[in-house]
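1. one predicted model, sequence on top.
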Amino acid sequence: MFLPLPPDRLPERFVRCIVGLAFFGLGISVFLAADLGLAPWDIFHQGLANKTGIPIGIIIEITGVIILLLWIPLRERLGWGTVLNAIEIGLVVFLVADHLPTTELLWIRVPYMLGGLLSVAVGSGLYIGAGLGAGPRDGLMLGLAKRGISVRIARTGIEAVVLLAGLLLGGSIGIGTVAFTFGIGPLVQVFLPRLRMRHDVTVLATAH
């Protein structure tokens, strides 16, 4: 059921993973506070939160667990980073999001959004670089890819479905959605080689 742990520097790997996921959750929280649009998955989470009254951090955790159940027919194996991802990101959002200051001033909200994007990118670099397994949502994509669907089609299809569902549920789309969609990949590409553990040969997994 679980992938084998890497043979070296386990304490450092877990610290990097936990810190990285904390930065990831903080970034999502800041995106929420900026209120300029979210990433597709978080639009879906926000929409569910709006409809159910459940805090978005708890929604993120519930969604992560449900997605992990979808791994079973896909025969994907969990990593410890997968479990931490499913628990920690939502917990951080739950604890932080409602306590961040908000404003109607656009000249503050835009830097806020950019800071959130940077936090997610740094968190991704630390989390991915720890080499402890894929996040629930990316594991779903990888499981579909192993069954003959290209990664590009699997990722695009999943993102499109959750984006549409999120919009129907009342989630917010905006410039932040565009910034995240086109900015997170290049930023992670910048941070990942700098934050990856030195001389690590672990096959890396993607985040969130």
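-> Here it is on my side, so go on.

2. all strands for this structure, in order.
-> Taking DSSP state E, the chain contains no strands at all.

3. restrict the lowest-mean-pLDDT helix or strand in the chain to CA atoms and write it as CSV.
-> Of all helical and strand segments in the chain, the minimum by mean pLDDT, DSSP states H and E falls on helix 136-145, at a mean of 76. Extracted in CSV, the C-alpha atoms of helix 136-145 (Å, rounded to 0.1, in the frame of the first residue of the first chain):
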residue,chain,number,x,y,z
PRO,A,136,-3.6,13.1,-3.8
ARG,A,137,-4.7,15.1,-6.8
ASP,A,138,-1.5,14.5,-8.8
GLY,A,139,-1.6,10.8,-7.9
LEU,A,140,-5.1,10.7,-9.5
MET,A,141,-3.6,12.2,-12.6
LEU,A,142,-0.7,9.7,-12.7
GLY,A,143,-3.0,6.8,-12.1
LEU,A,144,-5.1,7.7,-15.1
ALA,A,145,-1.9,8.2,-17.2
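
4. quick one: it to chain centroid distance?
-> Put simply, helix 136-145 sits 13 Å off its chain's centre (C-alpha atoms, centre = their mean, to the nearest Å).

5. and it, what other elements does it pack with?
-> Here helix 136-145 touches helix 56-74, helix 80-96, helix 151-168, going by 3 or more C-beta pairs under 8 Å, 6 or more residues apart in numbering; DSSP states H and E. Where you see a C-beta, it was placed from the backbone N, CA and C, and this is true even at glycine.

6. mean pLDDT lowest for which of those helices?
-> Ranked by mean pLDDT, the helices and strands packed on helix 136-145 bottom out at helix 151-168, which scores a mean of 84.

7. let me know the angle separating it from helix 136-145.
-> 130 degrees (axes from the mean of the first three to the mean of the last three C-alpha atoms, to 10 degrees).

8. pretty sure V190 sits against L118.
-> No. With contact defined as C-beta atoms under 8 Å, V190 does not reach L118; the gap is 10.3 Å.

9. the two - which one has more neighbours?
-> The residue with more neighbours, out of V190 and L118, is L118; 16 against 13, by other C-beta atoms under 10 Å.
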